[in-house]
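Undergrad: got a structure for you, letters missing:
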């Protein structure tokens, strides 16, 4: 997987040329609470939610979603997961998603490959999107409670939800931040997130957001 993700993510980063990145005013705030539990030694479920608050002046709407994951460890390094999600876009079209993903942990290296089936209300058809992500997680203290994290993720639209909509690599999301394990059950994270949407024939749309994550397991 690493051999595939390195050139894909690197290529997406190079595609984000500063000459096209002109619309750089959007500021957002994202909150990402989740709760999870183990069903057995290798299987777990997770309820993930998100609240994404955006300035109405830039035309992007607030978004809220709830996502239920089933996670299955298939080796010490790899986890196979599936999810169903309902997404509410305030003032926009709501959406249901089905997702399958393979996540990897290889030392400090983190990989993820996600496939999405997107059912947008009032759209022409089901959309398909592939999201490869490559990152690192580096412990900052001997106890391993503090970690520094960074990653880059491409949005590769295989089929748009509407006939004639953009396809191919349509976005790049990068994140950098820290996380802290408060206890064996509770983890907090603070991340700077940059989202760049590639626009054909016009300036790219770029958004910035602090993202606060709260993860609780029992």
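TA: Thanks, I have the structure now. Since this is a predicted model, take the numbers as computed values, not measurements.
Undergrad: touching the longest strand along the chain from outside, list them.
TA: The single longest strand within the chain, with elements called by DSSP state E, is strand 23-38. If you take Cβ atoms under 8 Å, 6 or more residues apart in numbering as the criterion, strand 23-38 is touched by 44-55, 58, 60, 69, 71, 193, 203-218. For the C-beta atoms, the positions are set from N, CA and C on the backbone; glycine is no exception.
Undergrad: among the residues you listed, which ones are buried?
TA: Taking 16 or more other Cβ atoms under 10 Å as the criterion, what is buried in the contacts of strand 23-38 is 44, 46, 48, 50, 52, 54, 60, 69, 71, 193, 204-207, 209, 211-213, 215.
Undergrad: about what we covered before: the longest strand of the chain pairs with which strands, parallel or anti?
TA: strand 43-54 (antiparallel), strand 205-217 (parallel) (DSSP bridges).
Undergrad: among these, which is nearest residue 189?
TA: Residue 189 lies closest to strand 205-217 among the strands paired with strand 23-38, at 3.8 Å (Cβ to Cβ).
Undergrad: run through who's touching that closest one.
TA: 21, 23-24, 26-38, 52, 54, 58, 60, 175, 177, 179, 185-197, 199.
Undergrad: and those, which of them are buried?
TA: Neighbour counting with 16+ other Cβ under 10 Å marks 23, 26, 28, 30-32, 34, 36, 52, 54, 60, 175, 177, 179, 187, 189, 191, 193-197 as buried within the contacts of strand 205-217.
Undergrad: confidence score at the residue nearest to residue 185 when sequence neighbours are not counted?
TA: With Cβ to Cβ, 6 or more residues apart in numbering as the criterion, residue 185 has its nearest non-adjacent residue at 5.3 Å, and that residue is residue 217. Note on residue 217: pLDDT of 96.
Undergrad: i'd like the first residue to be 622 from this point on
TA: In the new count, where the first residue is 622, that last one comes out as residue 838.
Undergrad: so residue 838 versus residue 668, what's the distance?
TA: 11 Å (Cβ to Cβ, to the nearest Å).
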